[in-house]
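[1] got a predicted structure here, sequence first:
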2 protein chains.
Amino acid sequence: MVLNVASITIQLQYTFADIEIICIVLPSHTAAAALKKAPMLVKTFSQSLSAQLAARFAERIATGLLAPGARLPSVRHCAQQQGVSPSTVVAAYDQLLAQGLVEAQRNRGFYIRNRALALMDKGQVAMKNDNSKGLDKSLAPGFAAHHVPVNATALIRGMFQGGSDKPQPGLGAFPPDWLDTPFLPAAIRRVTSGPQFKAFSTQYGEPAGDLGLRQALSARLQSLAIDATAQHILTTVGATHALDIVSRTLLRAGDCVMVEEPGWAIEFARLDALGMRILPVPRGPDGPDLAVMARYCELHQPKLFVSVSVLHNPTGYCLSPGSAHRLLQLANTHNFVIVEDDTYSHLAPEHATRLSALDGLQRTIYVSGFSKILAPGWRIGFLAAPPHLYEQLLDTKLLATLTTPALLEKALAWCMEQGQLRRHAQQVRTRLDQARSRSVKLALAAGCSFAAPPAGLFGWVDTGVDTDALAQRMLDMGYLLAPGSLFHANRKPGTLMRINFCTTQEAAFWQVFETIRATL
Amino acid sequence: MVLNVASITIQLQYTFADIEIICIVLPSHTAAAALKKAPMLVKTFSQSLSAQLAARFAERIATGLLAPGARLPSVRHCAQQQGVSPSTVVAAYDQLLAQGLVEAQRNRGFYIRNRALALMDKGQVAMKNDNSKGLDKSLAPGFAAHHVPVNATALIRGMFQGGSDKPQPGLGAFPPDWLDTPFLPAAIRRVTSGPQFKAFSTQYGEPAGDLGLRQALSARLQSLAIDATAQHILTTVGATHALDIVSRTLLRAGDCVMVEEPGWAIEFARLDALGMRILPVPRGPDGPDLAVMARYCELHQPKLFVSVSVLHNPTGYCLSPGSAHRLLQLANTHNFVIVEDDTYSHLAPEHATRLSALDGLQRTIYVSGFSKILAPGWRIGFLAAPPHLYEQLLDTKLLATLTTPALLEKALAWCMEQGQLRRHAQQVRTRLDQARSRSVKLALAAGCSFAAPPAGLFGWVDTGVDTDALAQRMLDMGYLLAPGSLFHANRKPGTLMRINFCTTQEAAFWQVFETIRATL
């Protein structure tokens, strides 16, 4: 049960977070949409129709499918949809009211309550998060800082309460069987059986991370033309932790930070939770929109730019050398730091243009990890930083977690030293090329087009219909999608979605996709 | 080499951090003191006397032994101390000036430069940490918020550049050989050899942490009369990470937080780095000073109180039931949350009074970990929280690190389920009782007294002399101490120091101690 539950890993958050957004953006009809395609209610011995209907709404509220502020459908509308009498709906809404899940607003209908506020009413909450506190939200016209709902991640929990055996197109990582290699357990056995095991367990280890791993990482970075020694490298709890350390070290609440858009939802959410002002920078095929960045710099003096330069998520774009050069010039002129998130490093050619290589780690911090290629569960990431920033970053790591687990780091170092990781990555790339080829054919046959040339793990697909609505409907069919709104700081809806090439190789998915799309 | 280096683990930071404080508090004489006991300079073929002297100062600056703002000794004074000519000292200071490490202030002498500022002069730094930004530092008279130097932790690195084979009295944890058990590698082998290994490596795992471990933790908490199910528990990267998650979730920059004093230096530093205002609460034998807390509540409405209720660090005090009850009443009246740091849980009797047990996890968050009893290198800690706070805390974990390593968590769960941890903890307690008995006798024989009844891992010892000066001098003899100033938010110097009973059982240390103390 635990394993089964864990198999729908963290990436499924996209769809859940998305659905919250739908509810916020379109409160008037989405509560209805959320239930539209659910199975017909049938009276049973143990549960009345109204109780079943109330339970269905309660579940959607608990999983975030219906977000605070969303309106329940009108009684008449809901009765029609569900094929029940209006009095059954009234009884169901009464139950939700009694449970404190919704509130009635005179002449306006029923709305999902904010759970924290509901608890505060009961005197159970001492304080609540208020990310806006102390921040001046006013920015120059045309450059509005976006407020991302911090509880996007709260919805991650929802995905562990149920699931599907189908391949999930919205997944953000490789399916587990792609990463199943015999050398991982061998590596663990190796570091466990020797006398060094004692040192890896009974001591805190080096603050910067296992020296052997940092040396292996340095060798890897040299192969990418990034000149970083072990003394420039800091290991972390996955690339996420590395990005978090950078944000906490270089920014303070209220600071402006530029982030590529479309971009990764967790990055928007983390920066928002830290109280930062997010300045979204359009990402094009060659790189970020430098004119927009220059304007931001003049108006807001942002301190940091977060960029996925190679195999950008979700587009798959790779930075061009010319764009990289001009971006670094801009950074020098306006004195901001760039954090280069190279999470998809192992899926890209070594000669791909990386800012950290051009810049020589002067004002660039390089971040990567191993969750996308080897062992998400080991939680190993790292950063390589300029000497003048390194010590502050190490301070932040120490204050947040002290050290990181040396045993796993040493096992990973062995995989790298032996060339196991390199060979494995090559095999994964070959397999991914085949999967991408199949997936692209099926997507095109299903009437989709690609908004960006297919590359890497993800396709950025134009479906021709609103993907928020599409995701909502596909969820009822057991498919989790990653609609385009999830990759925008302001959750802008649209016709794009991101697909994982590994999990969209089967015709069955595309058939359901075509059927549902036809109804929108 | 790596292992040797790692063996002087994280705890040695106390002494290094302390030395920084000495330099800040007493700039006029400490730079001299820092070099006083160093070996005599001898001219060599490869390096002039002035170069040696400059290198010696540079090293002390790099390790934080001489902090920014500290004054170098006068030329005359330094020449006398070092047995060199004044011109040699002038030449050495010139070299330090040229290196940008010190600056000359007209008619006042030479001062250690702030490294970040020095780099900014050169245009190499885009920004610097400014924790005071946006904060109103004014507080009511008599309740000054303390500013802790954030770079206390930067000094941790220094300890990995050298070391000593002697037992270190300032250590904050058990020496590695105390934690060397055969069941740790057995546990790892067990989770590595089974089919579950694949799941623990190729998937992210559950956001809240491995379910098996959370169930084992729940059983452990039940034995402490704390009623927390697996659904209330969140695993973390050590107890430090748990405390960090609590701070980030409940507080925003500028918020007031009450912390026991004396208390743990890293806690002061972390809260300061997050921009919080620290309100120190005197800790007595029965518990925190409730009158001071009540006054803080009236004046500053603090949101959080951080408390080590059982085997308090550094005093070893345990909270009395009556004090616990009144503290919880105060928390209810003034609506603040308490985070109960039970890091030393396994060294204390199960029946010790814990706030979380009395409170039923209503407004108390319980934090503990396994670094003090089992495997510091595994970095496993956890928190148990009230339901209404749990989801926000989980959000913070996900944004900061996504998940934590399931493989190590499952191995720990096995150690707990098999009763291995319980038996091991019992053995450690027995051995510690014997060590404490020996150490106390030696301390008393050396003329020290105990400021608190000896209990747990640490002794809170009155030496009768200034322990900042003592620590400085003992460092030159190869002993790292933990002077009392390190446990105060404002680094107040005094005659107290914390000793680790495991590492103060040998007469050799106390002989050196007596010799050095006699010179002060």
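    Perfect, I can see it now.
[2] from here on, just use CA atoms for contacts and neighbour counts.
    Fine.
[3] helices or strands up against the helix ranked longest in chain A?
    Determined from DSSP state H, the single longest helix within chain A is helix A:420-445. The helices and strands touching helix A:420-445, judged by 3 or more Cα pairs under 8 Å, 6 or more residues apart in numbering or on different chains; DSSP states H and E, are helix A:507-519.
[4] quick one: average pLDDT of the helix it packs on?
    The pLDDT scores in helix A:507-519 average 96.
[5] flag the shaky bits of chain A, pLDDT-wise.
    A:1-46, A:62-65, A:67, A:114-165 (pLDDT under 70).
[6] domain-wise, how is it divided?
    A:2-117, A:156-178+A:423-519, A:179-418 (automatic domain parsing).
[7] closest one to residue B:344 among the ones you listed?
    Judged by Cα to Cα, the one of those that comes nearest to residue B:344 is domain A:179-418, at 16.1 Å.
[8] what is the end-to-end distance of that closest one?
    Counting by Cα to Cα, to the nearest Å, you get 17 Å between the two ends of domain A:179-418.
[9] distance from the chain centre to that domain, please.
    16 Å (Cα atoms, centre = their mean, to the nearest Å).
[10] and what of stretch A:406-425?
    Stretch A:406-425 sits 26 Å away from the centroid of its parent chain (Cα atoms, centre = their mean).
[11] list the buried residues of that stretch.
    Judged by neighbour count using 16 or more other Cα atoms under 10 Å in any protein chain shown, the buried positions of stretch A:406-425 are A:406-417, A:420-421, A:424-425.
[12] buried residues in stretch A:296-310, which are they?
    Buried-residue list, stretch A:296-310, by 16+ other Cα under 10 Å: A:296-297, A:300-310.
[13] would you list those in JSON lines and tack on distance to residue B:508?
    Listed next are these as JSON lines, based on distance: Cα to Cα, whole Å:
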{"residue": "A:296", "distance to residue B:508": "64"}
{"residue": "A:297", "distance to residue B:508": "62"}
{"residue": "A:300", "distance to residue B:508": "61"}
{"residue": "A:301", "distance to residue B:508": "59"}
{"residue": "A:302", "distance to residue B:508": "57"}
{"residue": "A:303", "distance to residue B:508": "53"}
{"residue": "A:304", "distance to residue B:508": "53"}
{"residue": "A:305", "distance to residue B:508": "56"}
{"residue": "A:306", "distance to residue B:508": "55"}
{"residue": "A:307", "distance to residue B:508": "57"}
{"residue": "A:308", "distance to residue B:508": "57"}
{"residue": "A:309", "distance to residue B:508": "59"}
{"residue": "A:310", "distance to residue B:508": "59"}
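[14] in helices only, show me those.
    Per DSSP H, the buried residues of stretch A:296-310 map to helices at A:296-297, A:300.
[15] closest one to chain B out of those residues, please.
    Distance to chain B, by Cα to the nearest Cα, is smallest for residue A:297 among those, at 13.1 Å.
[16] ok, the residue lying closest to the closest one once chain neighbours are set aside - how many residues close by?
    In this structure, residue A:297 finds its nearest non-sequential neighbour in residue A:334, 6.4 Å apart by Cα to Cα, 6 or more residues apart in numbering or on different chains. When neighbours are defined as other Cα atoms under 10 Å in any protein chain shown, residue A:334 has 17 of them.
[17] same check, this time on the one 4 residues further on
    Neighbour count for residue A:338, taken as other Cα under 10 Å: 25.
[18] how near is it to chain B?
    11 Å (Cα to the nearest Cα, to the nearest Å).
[19] what do you get for residue A:482?
    For residue A:482, the distance to chain B - Cα to the nearest Cα - is 18 Å.
[20] next one: residue A:378
    Counting by Cα to the nearest Cα - residue A:378 and chain B are separated by 5 Å.
[21] contact partners for that residue?
    Applying Cα atoms under 8 Å, 6 or more residues apart in numbering or on different chains to residue A:378 gives the contacts A:371, A:408, B:200-201, B:404-407.
[22] kindly recompute the last result at 6 Å.
    B:201, B:405 (Cα atoms under 6 Å, 6 or more residues apart in numbering or on different chains).
[23] rewinding a little: in helices only, show me the buried residues of stretch A:406-425.
    A:406-417, A:420-421, A:424-425.
[24] between those residues, which is closest to chain B?
    Looking across those and measuring by Cα to the nearest Cα, the closest to chain B is residue A:406, at 6.2 Å.
[25] is it true that that closest one touches residue A:200?
    Yes - here residue A:406 lies in contact with residue A:200, judged by Cα atoms under 6 Å, at a distance of 5.4 Å.
[26] chain B contacts on chain A?
    Contact residues (Cα under 6 Å from any Cα of the partner chain) of chain A with chain B: A:6, A:9, A:126, A:153-154, A:176, A:179, A:200-206, A:237, A:240-241, A:244, A:270, A:335-336, A:375-379, A:395, A:399-401, A:405.
[27] among these, which ones are in helices?
    Those of these lying in helices (DSSP H): A:6, A:200-202, A:240-241, A:244, A:270, A:395, A:399-401.
[28] list the buried residues in the helix or strand where residue A:322 lies.
    Here residue A:322, judged by DSSP states H and E, is contained in helix A:321-334. Residues of helix A:321-334 classed as buried: A:321, A:323-324, A:327-328, A:330-332, A:334 (neighbour count, 16+ other Cα under 10 Å).
[29] rewinding a little: would TSV of the ones in helices among the residues of chain A next to chain B with neighbour count and distance to residue B:265 be doable?
    TSV is the format used below for these (neighbours: other Cα atoms under 10 Å in any protein chain shown; distance: Cα to Cα, whole Å):
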residue	neighbour count	distance to residue B:265
A:6	20	38
A:200	26	25
A:201	26	24
A:202	27	22
A:240	29	27
A:241	27	23
A:244	20	23
A:270	24	27
A:395	26	13
A:399	25	10
A:400	23	13
A:401	24	15
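[30] which of the residues you listed sits closest to residue A:213?
    When these are compared against residue A:213 (criterion: Cα to Cα), the nearest one is residue A:200, at 13.0 Å.
[31] good, we can wrap up now.
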